[in-house]
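Asks: model this:
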Amino acid sequence: MKIFSWNCRGLGGTDTPIIPYISWSVRYYDTSIVFLQETKCSVADGVCKTSPLNLPHFCGTDSVGTSGGLLLLWDDRSDILPLVTDPHFILCKVVNRGSNSVWFALFLYGESCTASRANFWNNMKALCSAYSPLCMIGDFNQLEHHFDKLGGSSNIAGWKAFLDWRISTPLSELPFSGPQFTWANKRNSSSLILERLDRCYASENWILSFPDAHVQNLNIFLSDHAPIVLSTTIPCKKPKRPYRVDNWCLDNPEIHWLISSIWNTSCQGPASSAVSFKLSQIRSGILKWVLQNRHRFMIDWSSISHDLSASASLVHDSSSGLNYINNTNSMEHEVHIQHSFWKQRAKSDFQFNDGIPTSYFFSRSKSRQKRLRLISLKNDMGNWTSSDLELSQLVMSHFASLYSSSNQTLSFSALEDLSIPHLDGFQQDFLSQPFTSKDVEKAFFSIKPNKSPGPDGFPPRFYQLYWKVIKDDISTTVPFFF
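Replies: Predicted coordinates for the structure are as follows:
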């Protein structure tokens, strides 16, 4: 199991690359649980924005204005039961399907106000002692050691209350790899501060159940916090997927020239061997061209992550930390430009093709339509319901109350007071009479004569003669009609 935790500082709108970056991270690290802090939106809005992640189950808390907001998403590989939801944490019960072992996960977003941290950690002390085995992960908003900070004052606010909680709670910090610092104020001056605020703690029995568990710190990118990934098992090297040539490659003139130049070369030997050799050369040539020019056509998240990781590994003082933040800021600026460019290009292609989407966006929209279903609804008590039976009962009760009235006498009396027009007996008898031949003839010739031919190419006079011929025949074959 892998858990992706990130204080994203707002999911943003559709014009920001935050959601594409989360989507790439979830696919690249193969995470089954995603925990986002400070979404700055409601749970419903956050679920709508994160729909490309294809994580059908969720819970969380709404933001208060433009601050706060928690969102927990998971797929069908994990059996998770939310127990307690709070603006600062989500407590869940986790069941491993393979071993049927049960443990508890506390997804935390620490108190940012220094004056309220003592009370907050006292509440966490009571919560941690009541559930075991327990694992805590998230943004603690608190330092534990002096070496976890670079720059700024040596005084750590709220340190005493946090140490009291650490001493009284039998939890151990899980080892981590990657960059040392997970938060930065991103100031391009001597006032730059780097801290490690995102961590993971676990109880002793949890560590015994998952002895290979470790945390990987990612890069500070598109937020002032870095994501962290918790893995409960040793990461295995995934086999490389065979590269598939996309349509954007085949539309490039350089690919056309490459194919024609290789195909027109002369080869010695049988024709079958020559064809096989040329196809092999074309395949290797296209692959080499795509790998060299991929950055020109899309955001290469892997290359960005690799470059930032190399820069973060060199951070050991304020000067190297400033270089790391400068590289991060320049890459963020470049990513925003690329994301805006490709968004505008997709819109231009859509308009150029008269509103017909490309095959890529058509497949994306079709796959999204297949995923459209009611996952959860909030009842009158403010609680989320997700089971099929509860969802059907909630929808039925809503429409039953919507189209019913508590005072039937009042509703009928209100209808009686309305002056609704009605048909009298003479009008009803007149409308009930069968059509006569005169009525049909009048309706037949009620259309204004036109000099242009009729729908069959005949002039209007033809239809008048045609009616006189067939009128007697119709009256004899269908006498009841007249």
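Asks: what's the neighbour count on residue 54?
Replies: 14 (other CB atoms under 10 Å). Every residue, glycine included, has its C-beta placed from N, CA and C.
Asks: Residue 189 - nearest residue in space that isn't next to it in sequence?
Replies: residue 322 (8.0 Å; CB to CB, 6 or more residues apart in numbering).
Asks: The helix or strand hosting the one you found: how far from the chain's middle?
Replies: Per DSSP states H and E: residue 322 is located in helix 318-352. How far helix 318-352 lies from its chain's middle: 20 Å, per CA atoms, centre = their mean, to the nearest Å.
Asks: In that helix, which residues are buried?
Replies: Within helix 318-352, the residues scored as buried using 16 or more other CB atoms under 10 Å are 318, 321-322, 324-325, 327-328, 331-332, 335, 338-339.
Asks: And stretch 117-128, by the same measure?
Replies: Those would be 117, 120-121, 124, 127-128, for stretch 117-128 by 16+ other CB under 10 Å.
Asks: Let me know the distance separating residue 59 from residue 199.
Replies: For residue 59, the distance to residue 199 (CB to CB, to the nearest Å) stands at 22 Å.
Asks: what do you get for residue 287?
Replies: 41 Å.
Asks: who's more crowded, those two?
Replies: residue 199 (23 against 13).
Asks: so that one sits in a strand?
Replies: Yes - under DSSP: H, G, I helix; E, B strand; the rest coil, residue 199 falls within a strand.
Asks: wait, what's in contact with it?
Replies: 137, 140, 144, 173-174, 176, 215, 228 (CB atoms under 8 Å, 6 or more residues apart in numbering).
Asks: so it bridges to which residues?
Replies: Counting by DSSP bridges, residue 199 forms beta bridges with residue 138.
Asks: Excluding covalently adjacent residues, which one is nearest to residue 103?
Replies: Excluding the flanking residues, the one nearest residue 103 by CB to CB, 6+ apart is residue 133, at 4.3 Å.
Asks: what's the burial count for the one you found?
Replies: Neighbour tally, residue 133, other CB under 10 Å: 19.
Asks: where does the stretch 1-150 of the chain dip in pLDDT?
Replies: For the stretch 1-150 of the chain, residues meeting the criterion pLDDT under 70 lie at 13-15, 98-99.
Asks: go on, the stretch 201-350 of the chain?
Replies: In the stretch 201-350 of the chain, residues with pLDDT under 70: 236-248, 294-298, 342, 344-350.
Asks: The stretch 351-482 of the chain now?
Replies: In the stretch 351-482 of the chain, residues with pLDDT under 70: 351-373, 405-418, 444-482.
Asks: what sits against the residue positioned nearest the centre of the chain?
Replies: Nearest to the mean C-alpha position of the chain, by CA atoms, centre = their mean, lies residue 50 at 2.0 Å. Contact analysis of residue 50 by CB under 8 Å, 6+ apart lists 11, 19, 22, 34, 36, 71, 73.
Asks: what secondary structure does the first one sit in?
Replies: Right, residue 11. Applying three-state DSSP: residue 11 is coil.
Asks: before we move on, what about the fifth one?
Replies: Under the three-state scheme (three-state DSSP), the conformation of residue 36 reads as strand.
Asks: my guess is it meets residue 3, correct?
Replies: No - counting by CB atoms under 8 Å, residue 36 sits too far from residue 3 to count as a contact (11.6 Å).
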